[in-house]
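Novice: Model the following, please.
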Amino acid sequence: MKILILQLARLGDIYISWPAVRAVRRLNPDAEIHLLTRPRFEGAVEGLTAIDKHMTLPSGHILMPLVTDNVNTEESLNRMEEFVETVRAENYDQIINLTFSPFSSYLTHSLTMPHTSVLGYTRFRDGFFCAADEVSAYFYAQVGINKPNRVHVSDVFASMIGTEYTEQDWEAPVLPEVKIDLPNLYLTVHVGASEKHKALTGDAWGRLINYFTRRYEGMPIVLIGAPNEAEIAQEIISRAPNATIINLVGQTRMYDLFTILKRSELLIGCDSAPIHMASLTDTPTLNISVGNVNFWETGPKATLGMIYRIEEGQEIVPERIGEVIAQLLEGHADPQLIMRTGGLASYDKVETPEQEFAWKLVQALYLGGEFPVAERIEIIEGAMKLDEINDFMMSQFALIPEKGVNAVSAFIDGGEDVIKSISRIVPELRPMIDWYHAEKIRVAPGTQEEIIAATLSVHERFKRHLRVYVPRDEKVTTVEAKDGTL
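Specialist: Numbering: from 1, shown residues only. Next up is the predicted model:
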């Protein structure tokens, strides 16, 4: 058996994928497993012994004809086709796409042979998007910034593969010999982040370390980061003149960081690859989660993983973070910290009633959980409106064989607009509406009769979910509902 795994995202995503790749190897010990990544991030594959072959997508070579003075689109397409044909020749029995992106879905479809089974995003034969499995549909509907999913991406991968992780899936690789004189005790600070808006400034890091040093004078701090973050490191050093700082920014390979993290008392960093490397070395981790980040999905998975959350627009107070770190070294977890925990959701955090409702609704839709009780009349009213418009749309689909698509398409499109508006007005119902949209997209191409039947099946299931919140007695009024007599 020959398996191809695609992970075309960034460094951190590749490290998040390590346990999944190892699980694929564990489930298929005799298979030939290949991994495809982007060249820029191939360093994150070093030490991953679960694969037999590592390939990179030659994106620079493919796109070069498009960025010259004489743009040659045809040549770029030819180079892409050559790459696809080379990989297709491997004749894979299974493709596992761990990259939830439009481009990866096209590439997966292009590499798929008639006998190939696919997990993850791909395309139907007519080129339209296809979530090939239930977990991919879940990811499409519920995962992402400002969405209700509370399952870590690594655990989403495990569900897609159809397994539960073992301790061996999360092991650190065989650690390299790092020729760096490191102290016996030290903290590690990663000065950068996967994206600039997720990072602290050099001034903020300097103030944080300067404050911490007053409490823990002499505790060495190892700075790590990419070469382009060297300037930030120098600013940190200038802002914290009394700290004992070992500056390794731009002086290590990615693989070397495993040893540095393994020996560290604590890793402190924003959303970045070292956070996920520390999950493999099981290094205690404080993730400073800034702004537009979904920590539920990409936070640290180390046993002692903690998150200091700074919401978008919230002021960053470096001295406050320094105090939190000092408390941790004294054995106390600040109440503001979000702590790593077991179970379906990886972290323990008190949420608003609206957030709790949305997450419980997700569990009801996908995991057979109990539907949450609607505490707001707007939820009941929204569900009633959705039920009404859903019935109307079903009646329009039923008319297609008689009147034709053109006669009813405007009414169906109008119904979709109403559904989208309710998603904005009643955010608690958004998970159900997103589920509905994902299921509609999953309807495969076919004859008109097949498409209508599959679409009506989605609407029927949508109706069953909605009826949980629709009063059974049609005579119930809004006033009665507000009094709780449904």
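Novice: Could you use CA atoms for every contact and neighbour count after this?
Specialist: OK.
Novice: For the stretch 251-400 of the chain, just list every one of the strands.
Specialist: Listed in chain order, the strands of the stretch 251-400 of the chain (DSSP state E, counting those that start in this stretch) span 266-269, 285-290, 305-310, 338-340, 347-348.
Novice: most packed of those strands?
Specialist: Among the strands of the stretch 251-400 of the chain, strand 285-290 has the highest mean neighbour count (mean count of other Cα atoms under 10 Å), at a mean of 25.
Novice: Return the list of helices and strands in contact with that one.
Specialist: The helices and strands touching strand 285-290, judged by 3 or more Cα pairs under 8 Å, 6 or more residues apart in numbering; DSSP states H and E, are strand 266-269, helix 273-281, strand 305-310.
Novice: circling back to that earlier point, mean pLDDT and distance to residue 175 added to the strands of the stretch 251-400 of the chain, as TSV?
Specialist: Listed next are the strands of the stretch 251-400 of the chain as TSV, based on pLDDT from 0 to 100; distance: least, Cα to Cα, whole Å:
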stretch	mean pLDDT	distance to residue 175
strand 266-269	98	17
strand 285-290	97	19
strand 305-310	97	21
strand 338-340	97	25
strand 347-348	95	29
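Novice: any chance of the ones you listed in CSV, with distance to residue 45 too?
Specialist: As requested, the strands of the stretch 251-400 of the chain are arranged in CSV below (distance: least, Cα to Cα, whole Å):
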stretch, distance to residue 45
strand 266-269, 21
strand 285-290, 22
strand 305-310, 23
strand 338-340, 26
strand 347-348, 27
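Novice: Go through those strands and name the closest to residue 74.
Specialist: Of all these, strand 285-290 sits nearest to residue 74, with 42.4 Å by Cα to Cα.
Novice: and the closest one, how far out from the chain's middle?
Specialist: 16 Å (Cα atoms, centre = their mean, to the nearest Å).
Novice: What are the contacting residues of it?
Specialist: For strand 285-290, the external contacting residues (Cα atoms under 8 Å, 6 or more residues apart in numbering) are 197-199, 266-271, 275, 278, 295, 299-300, 302, 304-312.
Novice: ok, 7 Å please
Specialist: Contacts to strand 285-290, defined as Cα atoms under 7 Å, 6 or more residues apart in numbering, come from residues 198, 266-271, 295, 300, 302, 304-312.
Novice: between it and strand 305-310, how many degrees?
Specialist: Using axes from the mean of the first three to the mean of the last three Cα atoms, to 10 degrees, one finds that strand 285-290 and strand 305-310 are set 20 degrees apart in direction.
Novice: got the domain boundaries for this structure?
Specialist: 2-170, 187-348, 377-482 (automatic domain parsing).
Novice: winner for burial among the ones you listed?
Specialist: Compared across the domains of the chain, domain 187-348 shows the largest average neighbour count, a mean of 19 (mean count of other Cα under 10 Å).
Novice: Let me know the secondary structure of residue 122.
Specialist: strand (DSSP: H, G, I helix; E, B strand; the rest coil).
Novice: With adjacent residues omitted, what lies nearest to it?
Specialist: residue 105 (3.8 Å; Cα to Cα, 6 or more residues apart in numbering).
Novice: so where do the helices sit in the stretch 301-450 of the chain?
Specialist: 318-329, 353-367, 377-403, 405-425, 430-441, 448-466 (DSSP state H, counting those that start in this stretch).
Novice: Tell me what angle the last one forms with helix 377-403.
Specialist: Right, helix 448-466. Angle, helix 448-466 to helix 377-403, by the same axes, to 10 degrees: 160 degrees.
Novice: helices and strands around helix 448-466, which ones?
Specialist: helix 377-403, helix 430-441 (3 or more Cα pairs under 7 Å, 6 or more residues apart in numbering; DSSP states H and E).
Novice: just the third one next, same as before
Specialist: Helices and strands touching helix 377-403, by 3+ Cα pairs under 7 Å, 6+ apart, are helix 405-425, helix 448-466.
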